[in-house]
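Participant: using only what follows, build the 3D model:
(2 chains)
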Amino acid sequence: MELLRLATAGSVDDGKSTLIGRLLYDSKSIFEDQLEAVERTSRDQGAEYTNLALLTDGLRAEREQGITIDVAYRYFATPKRKFIIADTPGHIQYTRNMVTGASTANLTMILVDARNGVIEQSRRHTFLSSLLRVPHVVMLVNKMDLVDYSEEAYQKIADDFRAFAAKLDIPDLTIIPVSALKGDNVVSRSENMPWYEGSSLLHHLENIHIGSDLNLIDVRFPVQYVVRPQSDAYHDYRGYAGTVAGGTIKVGDEIMVQPSGLTSRVVGIDLYGQELQEAHPPMSVSIRLADELDISRGDMLCRPHNHPRATQDLDAMIVWMQQGTRIQEGNRYIIKHTTRTAKTIVKDLQYRLDINDLHRDEKTTSLGLNEIGRVTLRITQPLFVDEYRRNRQTGSFILIDEVTGATVAAGMVVDTDI
Amino acid sequence: MSSIDYQLSQLDLLEAESIHIMREVAAEFERPGLLFSGGKDSIVMLRLAEKAFWPAKIPFPLMHVDTGHNFDEVIEYRDRRAAELGARLIVASVEDAIAEGLVQDPTGPRASRNSIQTVPLLKGILDNKFDAVFGGARRDEEKARAKERVFSFRDEFGQWDPKAQRPELWSLYNGRHRPGEHIRIFPLSNWTELDIWQFVKREELELPSIYFAHKRPVFWRDNMLMAVTEVTPADEGAEVFEQMVRYRTVGDMTCTAAVESEADTLDKIIEDVAASRITERGATRADDRASEAAMEDRKREGYF
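Facilitator: As a prediction, the model looks like this:
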């Protein structure tokens, strides 16, 4: 069975939690005890219908305030696929959660209220989805029942949205009119909207092609851990353990090691005693080489004529994720990129990007929570990077506060060919 | 090039992710430990650890928080499995904690040591100077767990603060902490109960016998089937009867219930689980019934 990771985003009242509740409920992934608890709480709160949002909002504060605070992960499966939903809140102050959810997603679902159309929040979510290079986007025009299932209302929103999305880099966009509350077009095609000829949301999720989302061309293997058993049976065993970040690695392939630049040949790909002939993303394996080279965590295995750029200077888009602090020129952080950790200093804050109108504010001197901008970083040691648009693993990094240890920013490498 | 050939199955993907997490911890932490209870989730976690470091041994010790009210079959399994792997097994004992006066043994008709496990757990972490502790919790189990990170930061009191969690992006895990603080690691975060059973089958993992249908004397308590044992005598007035049951979760006997089942093989259990309309914790865990936020409250105190 295949696995699809999706992230959801919507404004506070777009009915996102209701939609997820509906998907789980109609695909029979909600359990009776969960439903009973939700029905009980709904009654206690005086609701007229079962509030499916309560299925996903589990923390005390969420129930008390009727909001979603954090990324919640939900699981459901159909006979065709298993799904992991990263359910992210839509409030403006929680943009960082959307970025978090989108970073691992194959697909983003963006909800808009059919009565309100595309609002600032929807544009923000769509932009973030494109910034994070989520390969597939599904835009759901929700609450169609409240606009009498009007094709005209839907069409206007769809046109607006396509016009906005055209300015962004979205490889695959689908728009579906739904009513999460009533179930129209969620699991099965709605009889209330005969004018809509596309598939239902679930049918779309089950059938969308995700096989080409991975980079299978550029071999990238960040060494994570060196396996050296030091036992009699495996006296000379030395395996370079890690997760394939790009390309297909085959036994017999010539590889190059960064930073040393030395080359060798793959003689074995191991997974718990199984000898594999090849490995591809995102498999976790151990690689044995023909020669004894000095290789350690943080090194990168690649191909002699296709390797990431080794650099101490990075240009990147960053999303600032911490409340109460700001990033500005001269600040120092820990940078974690693949399996390498180093220190970095902010050389230049080039601009802040207004994600509502995509305007570049070059006069900005710092970025605060949920602000996005382009920076130049100087790093204490070389990192082996690709452009984020080329590889989401070797093109991404996080910044960590040296003192508190908090994760303060998400970064995506741009324009590596300066 | 056909892309279909490069699409991993869900089990392979989950396995790869868990192995990645475990290697990351082994590489970045000084003293990790793995919580091993002999339950199915920790059995799966142990196999993933074997896979992550093969052909080397698992590079960290195992720790079990033993309430003293565990099923004999499970304790026997725990000891045997640890011995097979040549792993060091640390037992953090609730009975010792009670004897040392660190915590009081709850009394009363439905007393359970479930919530006081946190005391020996935190003491075990402190005594062994663990800076990372692997747990087998899954996000599909419970709604507070659904919001917890894979690398879950705990302060010097072992507490989880759901509102102050670090964002977790891509597969970049942040394990920074100060002395005295530690990180709980949940490599099975994205696994579901069904994934666990399918993996058990694929890997031909042995499980304690109580997971399979067997006949035992039971009684009904709050719509749950409790086994009649030394520590859980039948409630007054409750009818005791023989029933074919199996356990979906294996925890402390005082708060773990059985389910009616004829499933005595893995295939039958997988069918059972796929068709089940009740969550495993809802069906079998008295500890989660205390309130809507029972798990969140315990986690805030330092629980698993």
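
Participant: spatially central residue in chain A, please.
Facilitator: For chain A, the residue nearest the mean C-alpha position is residue A:103 (1.9 Å; C-alpha atoms, centre = their mean).

Participant: number of residues surrounding the closest residue to chain A within the stretch 51-200 of chain B?
Facilitator: Residue nearest to chain A within the stretch 51-200 of chain B: residue B:143 (2.7 Å; C-beta to the nearest C-beta). (C-beta placed from N, C-alpha, C; glycine too.) The tally of other residues near residue B:143 (other C-beta atoms under 10 Å in any protein chain shown) stands at 24.

Participant: equivalent analysis for residue A:207, please.
Facilitator: Using other C-beta under 10 Å: residue A:207 sits among 10 other residues.

Participant: about what we covered before: next, the contact list for the residue nearest to the centre of chain A, please.
Facilitator: Residue A:103 is in contact with A:132, A:392, A:396, A:410, B:169-170, counting by C-beta atoms under 8 Å, 6 or more residues apart in numbering or on different chains.

Participant: list phi and psi for the nearest residue to residue B:85 once chain neighbours are set aside.
Facilitator: By the measure of C-beta to C-beta, 6 or more residues apart in numbering or on different chains, the closest residue to residue B:85 outside its immediate chain neighbours is residue B:58, 6.5 Å from it. Residue B:58 adopts backbone torsions of phi -60, psi 120, taken as degrees, to the nearest 10.

Participant: residue B:58 against residue B:51, yeah?
Facilitator: No. The pair residue B:58 and residue B:51 does not pass the contact test of C-beta atoms under 8 Å, sitting 10.0 Å apart.

Participant: pLDDT on stretch B:149-167, on average?
Facilitator: Stretch B:149-167 shows a mean pLDDT of 90.

Participant: hey, C-alpha coordinates of that stretch in CSV?
Facilitator: What follows is stretch B:149-167 as a C-alpha-only set of coordinates in CSV (Å, rounded to 0.1, in the frame of the first residue of the first chain):
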residue,chain,number,x,y,z
ARG,B,149,6.7,15.8,18.4
VAL,B,150,8.9,12.9,17.4
PHE,B,151,11.7,14.6,19.5
SER,B,152,9.7,15.7,22.5
PHE,B,153,11.5,18.1,24.8
ARG,B,154,11.2,17.5,28.5
ASP,B,155,12.4,20.0,31.1
GLU,B,156,14.3,19.1,34.3
PHE,B,157,11.1,17.8,35.8
GLY,B,158,10.3,15.6,32.8
GLN,B,159,7.3,17.7,31.9
TRP,B,160,5.8,18.1,28.5
ASP,B,161,4.5,21.5,27.5
PRO,B,162,2.2,21.2,24.6
LYS,B,163,2.2,24.9,23.9
ALA,B,164,6.0,25.3,23.8
GLN,B,165,6.9,22.5,21.4
ARG,B,166,9.7,23.0,18.8
PRO,B,167,8.6,23.0,15.2
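
Participant: quick check: the residue of the stretch 151-300 of chain A nearest chain B.
Facilitator: residue A:211 (3.3 Å).

Participant: right, and the helix or strand after the longest helix along chain B?
Facilitator: Using DSSP state H to define each element, chain B has its longest helix at helix B:10-28. The element immediately downstream of helix B:10-28 (helix or strand, assigned by DSSP states H and E) is strand B:32-35.

Participant: partner strands of that following strand and their direction?
Facilitator: The strands beside strand B:32-35 in its sheet (DSSP bridges) come out as strand B:62-66 (parallel), strand B:132-134 (parallel).

Participant: got the contact list for that strand?
Facilitator: Looking at what lies outside strand B:32-35 - C-beta under 8 Å, 6+ apart - the contacts are B:25-26, B:42, B:45-46, B:49, B:58-65, B:90, B:124-125, B:128, B:130-136, B:185, B:304.

Participant: alongside chain B, which residues does the stretch 151-300 of chain A contribute?
Facilitator: Residues of the stretch 151-300 of chain A found near chain B (C-beta under 8 Å from any C-beta of the partner chain) are A:209-212, A:214, A:216, A:224-225, A:227-231, A:233-234, A:237, A:241-243, A:248, A:270-273, A:280, A:282-284, A:286, A:297.

Participant: where does chain B have low pLDDT?
Facilitator: B:1-5, B:282-292 (pLDDT under 70).

Participant: where do the strands sit along it?
Facilitator: B:32-35, B:62-66, B:89-93, B:132-134, B:151-154, B:182-185, B:214-221, B:224-227, B:241-246, B:259-260 (DSSP state E).

Participant: how far off centre is the longest one?
Facilitator: Going back to what we said before, that points to strand B:214-221. 23 Å (C-alpha atoms, centre = their mean, to the nearest Å).

Participant: the inter-axis angle of that strand versus strand B:241-246?
Facilitator: Interaxial angle of strand B:214-221 relative to strand B:241-246 (axes from the mean of the first three to the mean of the last three C-alpha atoms, to 10 degrees): 110 degrees.

Participant: still on that earlier bit, now the strands of chain B in CSV, with distance to residue A:139?
Facilitator: Below are the strands of chain B laid out as CSV (distance: least, C-beta to C-beta, whole Å):
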stretch, distance to residue A:139
strand B:32-35, 43
strand B:62-66, 47
strand B:89-93, 51
strand B:132-134, 40
strand B:151-154, 33
strand B:182-185, 36
strand B:214-221, 50
strand B:224-227, 44
strand B:241-246, 45
strand B:259-260, 42
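
Participant: and residue A:128, which of those is closest to it?
Facilitator: Taking C-beta to C-beta as the criterion, strand B:151-154 is the member of the strands of chain B that comes nearest to residue A:128, at 22.8 Å.

Participant: mind jotting down where the helices sit in the chain?
Facilitator: You didn't pick a chain, so chain A it is. A:16-26, A:32-44, A:60-65, A:95-103, A:120-131, A:151-165, A:201-207.

Participant: wait, chain B
Facilitator: B:10-28, B:40-53, B:72-85, B:94-99, B:118-127, B:193-202, B:266-275, B:280-284, B:294-300.
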